[in-house]
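**Q** Sequence first, then the predicted structure, then my questions.
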Amino acid sequence: KNQVEQSPQSLIILEGKNCTLQCNYTVSPFSNLRWYKQDTGRGPVSLTIMTFSENTKSNGRYTATLDADTKQSSLHITASQLSDSASYICVVTLFSGGYNKLIFGAGTRLAVHP
Amino acid sequence: GAVVSQHPSWVICKSGTSVKIECRSLDFQATTMFWYRQFPKQSLMLMATSNEGSKATYEQGVEKDKFLINHASLTLSTLTVTSAHPEDSSFYICSARVTRRAGVDTQYFGPGTRLTVL
């Protein structure tokens, strides 16, 4: 079964600290993996995208890693800011029927406190 | 580029009424758009795939007669929640797919519409 599992479900950190979010998936055939940031009451916004051959991708203070062998990904946030408070969703794309289908994780809710 | 808008951003309606939500791709054409529903503290759940000029494809468990989808142009898809009930209260998000080459496509998400049915 194609699934994406994220951990932790929620996380509270202090402003300025780093954190790492985890994503494990059982999706095949794998096309790519994206991390999205979703602010409360808003649509998801793409942070990073990685294909099978890529094992790291950075976007400012966000760094995503991918281990295609173990089917694990992580999102590392450096020097967190209050504006980083949001849900972070791991989305794995599988290639099916000529098109890509998105498999969503449940998300990690991050709260950054001053 | 690749901006997707939704209108309205929030709506409150009485039980039994119908509500229409619009999804527009502002700077590109999208033959395929998607409608998602998201309940509090849960992730997005795909409701249906909207194809321009043809009938939408609904996911298992989604009532097509209750959630009417029309994709009349390459930049506009609408979702109509008919005879809305309080359990239909949710956050509805659309996305539009851009295919850059075979096998490589990207979905761009709209900002969402908060529906509250009283």
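**A** Right, received. Where do you want to start? Numbering: from 1, shown residues only, chains lettered A, B, ... in the order given.
**Q** worst-scoring helix or strand of chain A, pLDDT-wise?
**A** strand A:99-104 (a mean of 84; mean pLDDT, DSSP states H and E).
**Q** do you know how far the single nearest residue of chain A relative to chain B is from B:Gln107?
**A** Here the residue of chain A nearest chain B is A:Gly43; by Cβ to the nearest Cβ that distance is 3.9 Å. All C-beta atoms are positioned from the backbone trio N, CA, C, and that covers glycine. Applying Cβ to Cβ, to the nearest Å, the value for A:Gly43 to B:Gln107 is 11 Å.
**Q** just A:Glu54 next, same as before
**A** A:Glu54 is 19 Å from B:Gln107, by Cβ to Cβ.
**Q** do the same with A:Ser96
**A** Taking Cβ to Cβ, one finds A:Ser96 at 14 Å from B:Gln107.
**Q** check whether stretch B:108-118 contacts chain A.
**A** Yes - applying Cβ under 8 Å from any Cβ of the partner chain, one finds stretch B:108-118 in contact with chain A at B:Phe109, B:Gly110, B:Pro111, B:Gly112, B:Arg114.
**Q** Do you know the pLDDT at the closest residue to the first one other than its chain neighbours?
**A** It stands for B:Phe109. Closest residue to B:Phe109 apart from its sequence neighbours, by Cβ to Cβ, 6 or more residues apart in numbering or on different chains: A:Gly43 at 3.9 Å. On pLDDT, A:Gly43 comes in at 91.
**Q** surely A:Gly43 meets B:Arg114?
**A** No - contact criterion Cβ atoms under 8 Å: A:Gly43 and B:Arg114 do not qualify, at 11.4 Å.
**Q** out of these two, which sits in the busier spot?
**A** A:Gly43 (23 against 15; other Cβ atoms under 10 Å in any protein chain shown).
**Q** quick one: the more buried one is in a helix?
**A** No - according to DSSP: H, G, I helix; E, B strand; the rest coil, A:Gly43 belongs to no helix; its state is coil.
**Q** got the contact list for it?
**A** B:Val4, B:Gln6, B:Ile93, B:Ser95, B:Phe109, B:Gly110, B:Pro111, B:Gly112 (Cβ atoms under 8 Å, 6 or more residues apart in numbering or on different chains).
**Q** could you redo the last one with a cut-off of 7 Å?
**A** A:Gly43 is in contact with B:Ile93, B:Phe109, B:Gly110, B:Pro111, B:Gly112, counting by Cβ atoms under 7 Å, 6 or more residues apart in numbering or on different chains.
**Q** What does the pLDDT read for the fourth one?
**A** On the pLDDT scale, B:Pro111 is placed at 94.
**Q** That one - nearest residue in space that isn't next to it in sequence?
**A** Per Cβ to Cβ, 6+ apart, closest to B:Pro111 is A:Gly43, 4.7 Å.
**Q** residues from chain B in reach of chain A?
**A** B:Gln42, B:Ser43, B:Leu44, B:Ile93, B:Gly103, B:Asp105, B:Gln107, B:Phe109, B:Gly110, B:Pro111, B:Gly112, B:Arg114 (Cβ under 7 Å from any Cβ of the partner chain).
**Q** Now intersect the residues you listed with the helices, please.
**A** Of the residues of chain B next to chain A, none are assigned to helices by DSSP state H.
**Q** what's the span of stretch A:35-48 from first residue to last?
**A** End-to-end distance of stretch A:35-48: 5 Å, with Cα to Cα, to the nearest Å as the criterion.
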